[in-house]
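> Compute the structure for the input listed below.
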Amino acid sequence: MTERPPEHETRPYAAPPGPWSPTTVDPAPHPWAPYAPPPPPRTAGTADLAVSIVLLVVGLLAGLVASAMAFVLQVLQIGCEPGDPCSEGVQDGVAIAIAGPWLVYLPLGAVAILLMARQRASWWASTLAVLGATVVWVHGSWVAFDSATW
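A predicted model of the protein is given here:
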């Protein structure tokens, strides 16, 4: 290794860098500058936590009631002959009304719980879980009613 020639030396060895040194970094003139620190993450407040928990509990209770009411839809099969498309349509609608809301509610409920654990806003996942489960149950009951009256 060769030593640096003295004419290339800008300061003596072991001397602290001066204020003109390229090692000093000026603060970022704008918050969007590439070397500016990222903004702190937004954390969820108590209202968000309370709303999410209430929505998840209401959704759980509504899912239990909706599944029980889906069994009542089996009554629609009384007027159908065995092997008739009416009977199969009612069975399909009842299956959608029983299992469908849980297939929507459980994953979105898990996302809401994960967001609450990470202290992020989770009200949107709880709301989607409840609304999505409701829409799927209504669709299943519509399929059952529509095939029974067809």
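> which sections of the protein are below the confidence cut-off?
1-39, 150 (pLDDT under 70).
> Now the helix with the most length in the chain: buried residues?
Counting residues, the longest helix found in the chain (DSSP state H) is helix 85-117. Within helix 85-117, the residues that qualify as buried are 86-87, 89-91, 93-94, 96-98, 100-102, 104-105, 108-109, 111-113, 115-116, counting by 16 or more other CB atoms under 10 Å. C-betas here are computed from N, CA, C, even on glycine.
> so what secondary structure elements neighbour that helix?
helix 46-72, helix 123-148 (3 or more CB pairs under 8 Å, 6 or more residues apart in numbering; DSSP states H and E).
> Point out the most buried one among the ones you listed.
Among the helices and strands packed on helix 85-117, helix 123-148 has the highest mean neighbour count (mean count of other CB atoms under 10 Å), at a mean of 19.
> which helices and strands does it pack with?
helix 46-72, helix 85-117.
> report the angle between the axes of that helix and helix 46-72?
Helix 123-148 and helix 46-72 are oriented at 10 degrees to each other (axes from the mean of the first three to the mean of the last three CA atoms, to 10 degrees).
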